Each structure stands twice: as C-alpha cells, then as structure tokens.
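Novice: whatever this is, show me its structure:
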Amino acid sequence: MPFYLRKSISAGPFRFNLSKSGVGLSVGVKGLRVGTGPRGHYVQAGRDGLYYRASLGGKPTSSPTPASAQRSPTKANHPPQLTEQGRVTMVEVGSGDILGMRDSSVADLIDDLNVKQARVPLGPVLGLGAAGLGLLIILASGGSSSIVSDGGALVLFAAIPAWAIGAWLDQSLRRSVLFYDLDAEATAKFQRVTTEFDALAACDGKWYIQSAGAIRDLATWKQNAGAGHLVNRKPALLAYSLPKLLHSNVTPPTLKMSLRTFFFFPEVIIVQDGKKFGAVGYGDLEIQCQQSRFIENGQLPNDVQVVDHTWEHPNKKGGPDRRFKNNRLLPICLYDIVHFLSKSGINELVEFSKLGLVECFASALRDLPRQPASKSLPTIPSTLP
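Specialist: You can find the predicted model right below:
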C-alpha cells in the first residue's frame, strides 16, 4: 500500500494543504469551505460527520512532460479535419499539437511557461476567497450581532487588497524572463523584420484562412460566382506584444489568429495556443509566398488591386444567369498569401490585401540567425519582486 505525506497550515480562515501532488489553498468557516488545488477547484460543506464535496470548473492544465518523453515532431501533426459546407468538403487549415513544437535553444523556457501557466493564479483565489468568507460571516450573523456583522463587512472589504497581494505574488510565481543582448548584426536584422512587419500591419485587409475546399459541381459553381474554391477566413491581428507570463527587454512582432498567437523573437518563434506554449526555430520554418485571386462579396479594402469582375450568378459560358433578377458584378481581387510551415506542425495561411509586402517580410525572417544570437536567461529564481 503506497504512503504519502500531507500537512495543513492554517492562517486565520485560510488553510494551506501540502501534499505530494502540489499545494492547495482553501478558505471558509467550519462547515463550509471553498478551495483550489492540483486537482481543481471545489466546495465542501457539512458537519457532524456528514459532508458534501463538489468540483467547480474544469481540471487544470497538466504540466508538460519532460523533453525526453515528448512525442516526436512527425507524430505531433494531426490529420486535417474535414467538414461539409453544402456540397463542398472543407479542409481545416491549422497548426498541430503545440507541445510537439520544441526548439532546443529555448526548451527550458517553454517548459517553464507551460508549468507556470498550469498554476492557479493567487490573485483571484485570495480575492474571491476573502469576498466569499465575508459574505458567509454576514449571512451567518443574521443581523443578530453587530460585531460579527461588522467583522464580516471588514473581511469583505479586504477582498480587494487580498486580490492585489495575490497578483503581486503572481508577478514572481507565474512569470518567466527572457533577456536579449544582441550584437550589432543581429540587431540590424531584427530591425529589418520589424520594419517589414509594420508595412504588413498597415494593410487594410489582413485575414487567416480557417478552411478551404474545392467546388466540383456546376450548381455550387453558379451559386458562388464561378469560384473554384470556397474559403472561410477570419481577421488576423498584427501588433507588438508579449505573452502575459513572460517578461523581456524585447517586445516582438505578434501575429494573432483566434487562439493561436505567433511571437517573432530575434532567434525563435514562440507559439501560444490557448494555455499551451511551443517554439519553432527559424531554421525549421518554411515560408511560401504567392498571389491569389479572390472574389469579394463585401466591402473592398482601400489598398486592394482589382484585376477582373465576375457575375454573382454566372451561366456556363461565364455571362450573367438571367434567372436571377439582382445578379450583380463582383470584383476579383489579387491578394498576397504567406504560408508558414514546419515539420513540427506549423501550418498557417495568412492573406493580405496589399501586394508586394509579404515576400519582403518573409525575406527578413529568412535572414535571421539560424543559431541563437543572444544571451538568454530563460528563468530567474522565484523571489518576490
């Protein structure tokens, strides 16, 4: 029979539970406690030998496995998901498992980010715990004792400083540090990346492709203005930012696509997908650029180049189908598309309305050092700031 050690430390209404699986925290009074720990959030109520315990919310994100136990990059890719949109089979365009994306230069940093992402933030726990305790005291007093009621109000008002103290602790316990000391050549190359990125960010139209499918029958072809493919796309956001868990003396260009975010650092791309982190070196990144004709049915970007027109409902010969009264001409636009690929699972298509900028940005990324060109300090001791 396995043995384990468990120890509880009480500090007023707060109780810290120390066990082999991690540290837990609960707050409350006798008969009712709300807590959190390695197995998730819970509420426990009862007394005199009869107790009730229920989980609150989902199970926290598990810590990443060591590098030696990670799946190989070739197994990190998931087969593309297929969905039906009318008579068209849509193929999902998206990256694979983020945890399968590893670069040796920042492996420790990525592991540290994933571990700290899985930790429960102390700010909300302490703040909500103090607020819940204050409400319980006020409700338990029933207005019969002004001293108890005033004490409950005091605990309730203490929720704000408790939240602030927890957030202050999180600044150390849930933060990693990446420090760069670039030489002149590496600095110049990275500045070129930011210059070309600024030009892309100024485009009026920026999208990432979610899924696409080929049109294979005449009826669907007529319904979609004679297009050869259907494309589902969403706006992409280009800005400068850092992951919330990371401090750095460099704020990198950032490409955000729904839950997936690419941070273009001087030596590596850090990828965030929800609460998971991965990394891909520029030596493992393949960038493909091309132009694409796109039939626009909505508002045109200001910097678009219109190369042709087509009818919203064409006939077999390409002319207007007379059966439709409001059959209008739609513009055919020429866009730039960049395709990010890697053996570890990156697969993203991003589209821009202005021509001639994508290849310049791709060239700047290709010119970045293929080996680490910085002195990086992935982590610092978890001391209070």
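
Novice: contacts, neighbours, all on C-alpha from now
Specialist: Noted.

Novice: for the longest strand belonging to the chain, name the packing helices and strands.
Specialist: Secondary structure of the chain per DSSP state E: the longest strand is strand 329-342. On a contact count with 3 or more C-alpha pairs under 8 Å, 6 or more residues apart in numbering; DSSP states H and E, strand 329-342 meets strand 285-295, strand 305-311, strand 347-352, helix 358-366.

Novice: will you turn those into TSV that also has mean pLDDT?
Specialist: Below are the helices and strands packed on strand 329-342 laid out as TSV (pLDDT from 0 to 100):
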stretch	mean pLDDT
strand 285-295	90
strand 305-311	91
strand 347-352	92
helix 358-366	94
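
Novice: can you put the ones you listed in TSV and add distance to Ala219 and mean neighbour count?
Specialist: Shown next, in TSV, are the helices and strands packed on strand 329-342 (distance: least, C-alpha to C-alpha, whole Å; neighbours: other C-alpha atoms under 10 Å):
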stretch	distance to Ala219	mean neighbour count
strand 285-295	17	16
strand 305-311	14	16
strand 347-352	28	21
helix 358-366	35	19
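
Novice: gap between the closest residue in space to Cys360 that isn't next to it in sequence and Arg175?
Specialist: Counting by C-alpha to C-alpha, 6 or more residues apart in numbering, Cys360 lies nearest to Glu196, which is 6.4 Å off, once chain neighbours are set aside. According to C-alpha to C-alpha, to the nearest Å, Glu196 and Arg175 sit 30 Å apart.

Novice: and Ala131, by the same measure?
Specialist: 26 Å.

Novice: what's the answer for Arg119, then?
Specialist: Note on Arg119: its distance to Arg175, by C-alpha to C-alpha, is 11 Å.

Novice: list the contacts of the closest residue to Leu128 other than its chain neighbours.
Specialist: Among residues not flanking Leu128 along the chain, Ala159 sits closest, at 6.6 Å (C-alpha to C-alpha, 6+ apart). Listed by C-alpha atoms under 8 Å, 6 or more residues apart in numbering, the contact partners of Ala159 are 126-131.

Novice: same check, this time on Arg260
Specialist: Taking C-alpha under 8 Å, 6+ apart, one finds 271-274 in contact with Arg260.

Novice: most neighbours, which of those residues?
Specialist: Highest neighbour count within the contacts of Arg260: Val271, with 26 neighbours (other C-alpha atoms under 10 Å).

Novice: just say helix, strand or coil for that residue.
Specialist: Using DSSP: H, G, I helix; E, B strand; the rest coil, the structure places Val271 in strand.

Novice: quick check, pLDDT for it.
Specialist: At Val271, the predicted lDDT confidence score is 92.

Novice: so what's it bridging to?
Specialist: As for beta bridges, Val271 partners with Phe262, Gly278 under DSSP bridges.

Novice: list the buried residues in stretch 219-229.
Specialist: 220-222, 224-227 (16 or more other C-alpha atoms under 10 Å).

Novice: stretch 312-329 too?
Specialist: By 16+ other C-alpha under 10 Å, the buried positions in stretch 312-329 come out as 312-315, 320-321, 329.

Novice: for it, measure first residue to last.
Specialist: By C-alpha to C-alpha, the extent of stretch 312-329 from end to end equals 6 Å.

Novice: tell me the mean pLDDT for it?
Specialist: 85.

Novice: which residues does it contact?
Specialist: Identification of contacts with stretch 312-329 by C-alpha under 8 Å, 6+ apart yields 222-226, 309-311, 330.

Novice: repeat the analysis, applying 10 Å as the threshold.
Specialist: Residues outside stretch 312-329 that contact it (C-alpha atoms under 10 Å, 6 or more residues apart in numbering): 218-219, 221-227, 295, 297, 308-311, 330-331.

Novice: and the buried residues of stretch 219-229 as TSV, adding distance to Glu348?
Specialist: As requested, these are exported to TSV (distance: C-alpha to C-alpha, whole Å):
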residue	distance to Glu348
Thr220	27
Trp221	26
Lys222	29
Asn224	25
Ala225	26
Gly226	26
Ala227	22
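
Novice: give me the domain ranges for this protein.
Specialist: Per automatic domain parsing, the domain ranges recorded for the chain read 6-60+122-173, 67-116+178-366.

Novice: those domains: lowest mean pLDDT?
Specialist: Looking at those, the weakest mean confidence is domain 6-60+122-173, a mean of 62.

Novice: how about the helices in the stretch 51-200 of the chain?
Specialist: Counting by DSSP state H, counting those that start in this stretch, the stretch 51-200 of the chain has helices at residues 73-76, 107-118, 122-141, 146-157, 159-173, 184-201.

Novice: if we can go back for a sec, could you give the number of residues near the residue nearest to Cys360?
Specialist: For Glu196, using other C-alpha under 10 Å, the count is 19.

Novice: and the one 3 residues further on, by the same measure?
Specialist: Burial of Ala199 is recorded as 14 neighbouring residues (other C-alpha under 10 Å).

Novice: next one: the one 10 residues further on
Specialist: One way to gauge burial is a neighbour count; for Ile209, by other C-alpha under 10 Å, it gives 20.

Novice: repeat for Ala202
Specialist: With other C-alpha under 10 Å as criterion, Ala202 counts 12.

Novice: and for Arg192?
Specialist: Arg192 has 19 nearby residues by other C-alpha under 10 Å.

Novice: could I get the contacts of Ala159 as TSV with distance to Leu259?
Specialist: Formatted as TSV, the contacts of Ala159 follow (distance: C-alpha to C-alpha, whole Å):
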residue	distance to Leu259
Leu126	28
Gly127	28
Leu128	27
Gly129	30
Ala130	32
Ala131	32
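
Novice: now for those: which two are most distant?
Specialist: Distance extremes for the contacts of Ala159: the farthest pair is Leu126 and Ala131 at 8.5 Å, using C-alpha to C-alpha.

Novice: who has more neighbours, these two?
Specialist: Leu126 (25 against 22).
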